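Visitor: build me a model:
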Amino acid sequence: MLAAPPALADAEPASVATSSNTDAEFDQQLVNPADEQNYSLDFDNASESEGAIPQLEAYSGKGTVFSGSKKKRVGKGSARVGFSTGVVLNKSKLPTKVQFDGESQLCLSLPAKASSVSLTDKFTVTGAKISGTIGSGSSISGGATNKTVTVKHTKKKPGKKTCINNVNSGISFKGAIVHVKQQVTGVVNYKNTKYTIQVGDQ
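Guide: Purely as a prediction, here's the structure:
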């Protein structure tokens, strides 16, 4: 389970990890095992004015946790995508700063090896005069009113029962922010069929 959202810090590179689990360990190491679902957040626009302290609706401006999960049948097996991300708002002054720190995961339980898998995180912020900070292994796209940071991990011929993880650290945005969201997509290429599992922003 993800610890409490960390304090804002300088950006650190996003990283990826692969773990092979025995059947006994498989269900114990899932990201977001409770299957909580919370993908996006709107800012209280009334507070986004000169001299005001920005607030997050229903969250007192301190932060929250984005989370999601989805499981899908893959041939005679299954695959699950899960994520848990701390979202921290720096509300001390304008422009607003939002930082994402967390982990996403694609876990397989298949009778045979997949030919390849990928796990992609997208963090999107909308508003005005938006700038973004990323680490190595990620990319940023969009303009001044909408920016997306993408982190992608691809692996060929993973184990039949294995998990791949994206560890996302120090992804941040600044600007007059009105909406933030996260989307995580897992793709499994198995026996000449492509299976896509998308969580968030459906």
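
Visitor: residue boundaries of the strands in this protein?
Guide: Counting by DSSP state E, the chain has strands at residues 15-20, 40-42, 64-74, 77-90, 96-109, 116-133, 138-142, 146-156, 161-190, 193-199.

Visitor: now render those strands as TSV, adding mean pLDDT and distance to Gln29.
Guide: (Glycine included, C-beta is placed from N, CA and C.) Output for the strands of the chain, formatted as TSV (pLDDT from 0 to 100; distance: least, Cβ to Cβ, whole Å):
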stretch	mean pLDDT	distance to Gln29
strand 15-20	45	7
strand 40-42	81	27
strand 64-74	93	14
strand 77-90	91	11
strand 96-109	93	8
strand 116-133	94	15
strand 138-142	93	24
strand 146-156	95	17
strand 161-190	92	7
strand 193-199	97	18
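
Visitor: from the ones you listed, which stretch is densest packed?
Guide: Highest mean neighbour count among the strands of the chain (mean count of other Cβ atoms under 10 Å): strand 96-109, with a mean of 24.

Visitor: output the strands of the chain as a markdown table; include the columns distance to Ala34.
Guide: Shown next, in a markdown table, are those (distance: least, Cβ to Cβ, whole Å):
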| stretch | distance to Ala34 |
| --- | --- |
| strand 15-20 | 20 |
| strand 40-42 | 19 |
| strand 64-74 | 8 |
| strand 77-90 | 9 |
| strand 96-109 | 14 |
| strand 116-133 | 20 |
| strand 138-142 | 27 |
| strand 146-156 | 23 |
| strand 161-190 | 16 |
| strand 193-199 | 14 |
